[in-house]
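**Student:** Here you go, sequence then predicted model.
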Amino acid sequence: MFVKEYTNEIEKRLSVASFPFDISLNGVQIGAPDRELERVAFSVDASFDTIDKAVEGKADVLVVHHGLFWGSPVAITGNHYRRVKRVIDGGLTLLAVHLPLDAHPVYGNNAQMAMTLGMTSFDPFGMYKGVNVGYKGHLPFPMTIPEVARLLGFSSDTGMQVLKFGKDMIDTVGIISGSAGEDVDEAIKEGLDLFITGVAPHEVFHTVKESGMNLLAGGHYRSEVFGVKALMRMTEKEMGIESFFIDAETGL
């Protein structure tokens with residue numbers, strides 16, 4: 001298999017073309033499409049550390065949630081230049097999938113968190129520019145917030161913050177990974193017991209408290225390891241391609 005065959009398949013599975021409004025440049029950001037594919041690396045962020053470890057691990061493709069190109073064109077200078085240069089010098093193809101990986105009903109960060117919590121069915125939740133990127137539903141049985149956090153791998157080391165102003169035992173949850181704290185309003189409107197995200201802004205504190213709501217922010221990074229890990233498992237099991245995950249915890 002060639003790199004371009006693999007990247008085309010990932011873009012197709014995640015319906016990348018359906019997210020033209022995403023600030024991220026989704027899909028191949030830097031490419032060596034005609035290279036033969038033997039190994040794929042996965043990580044949340046494209047950084048010096050993850051790029052170097054992908055090259056050291058002899059990966060041909062590095063799949064990330066947070067790539068190097070966002071919004072308007074930016075000059076390739078400074079650290080941005082050095083990151084791009086390391087990708088090119090290492091013969092890597094960099095594939096970024098941002099909102100498509102949050103929203104996907106199987107491989108997405110939010111669906112994967114729901115499945116990690118044992119939720120066997122869940123509904124779309126969290127509208128962004130006409131597309132739902134999160135999921136909501138019932139836990140398999142009532143749980144405390146610490147039990148939910150433990151299942152998801154959230155802790156003080158990952159930057160976890162808890163706003164507990166609602167029920168002790170959680171039945172219904174809404175999940176939107178990353179920086180989606182402001183979307184707690186939708187969870188409040190729907191009467192959910194707990195809203196799960198990565199990080200929350202200061203101003204939601206009083207909104208949550210005054211609404212008698214629970215919010216679990218597990219850390220931006222830690223809430224977004226689920227999707228790339230799901231893609232890694234699919235790459236190994238369904239496509240038979242050797243893969244590895246690069247964990248670069250930020251604690252944020």
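**Tutor:** That came through, no problem.

**Student:** Excluding residues flanking it in the chain, which one is nearest Lys167?
**Tutor:** Leaving aside its chain neighbours, Lys167 sits nearest to Asp193 (5.0 Å; criterion: CB to CB, 6 or more residues apart in numbering). Yep, even glycine has a C-beta here, placed from its N, CA and C like the rest.

**Student:** brain fart, Ile76
**Tutor:** Val84 (5.5 Å).

**Student:** Check Ile30 too.
**Tutor:** Distance criterion CB to CB, 6+ apart; nearest residue to Ile30, sequence neighbours excluded, is Leu94 at 4.3 Å.

**Student:** for Met127, same thing?
**Tutor:** Glu186 (7.5 Å).

**Student:** quick check: domain ranges of the protein?
**Tutor:** Per the record, the chain has its domains at 3-97, 103-222, by automatic domain parsing.

**Student:** Adding mean neighbour count, write those domains out as CSV.
**Tutor:** What follows is these, written out as CSV (neighbours: other CB atoms under 10 Å):
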stretch, mean neighbour count
domain 3-97, 18
domain 103-222, 19
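
**Student:** For the protein, name the helix or strand with the lowest mean pLDDT.
**Tutor:** strand 123-128 (a mean of 94; mean pLDDT, DSSP states H and E).

**Student:** What is that one packed up against?
**Tutor:** strand 131-143, strand 170-175, helix 184-189 (3 or more CB pairs under 8 Å, 6 or more residues apart in numbering; DSSP states H and E).

**Student:** how about the strands in the stretch 1-150 of the chain?
**Tutor:** Ranges of strands in the stretch 1-150 of the chain, per DSSP state E, counting those that start in this stretch, are 27-30, 39-45, 61-66, 93-96, 123-128, 131-143.

**Student:** Touching the least confident helix or strand of the chain from outside, list them.
**Tutor:** Strand 123-128 has contacts (CB atoms under 8 Å, 6 or more residues apart in numbering) with 99, 110, 132-137, 174-176, 180, 183, 186-187, 190.

**Student:** what's the answer for stretch 62-75, then?
**Tutor:** For stretch 62-75, the external contacting residues (CB under 8 Å, 6+ apart) are 10, 23-26, 29-30, 40-46, 50-51, 54, 80, 83-84, 87, 92-98, 101, 109, 224, 227-228, 231-232.

**Student:** what does stretch 163-174 give?
**Tutor:** With contacts defined as CB under 8 Å, 6+ apart, stretch 163-174 is touched by 114, 117, 119, 125-126, 134-139, 142-145, 148, 183, 186-187, 190-196, 200, 204-205, 208-209, 211-215, 217.

**Student:** Could I get the CA-only coordinates of the least confident helix or strand of the chain as PDB?
**Tutor:** Output in PDB follows, covering the C-alpha atoms of strand 123-128 (Å, rounded to 0.1, in the frame of the first residue of the first chain):
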ATOM      1  CA  ASP A 123     -27.600  10.500  20.400                       C
ATOM      2  CA  PRO A 124     -26.000  13.500  18.600                       C
ATOM      3  CA  PHE A 125     -25.400  16.500  20.900                       C
ATOM      4  CA  GLY A 126     -23.500  19.800  20.700                       C
ATOM      5  CA  MET A 127     -24.300  21.700  17.500                       C
ATOM      6  CA  TYR A 128     -21.500  23.600  15.800                       C
END
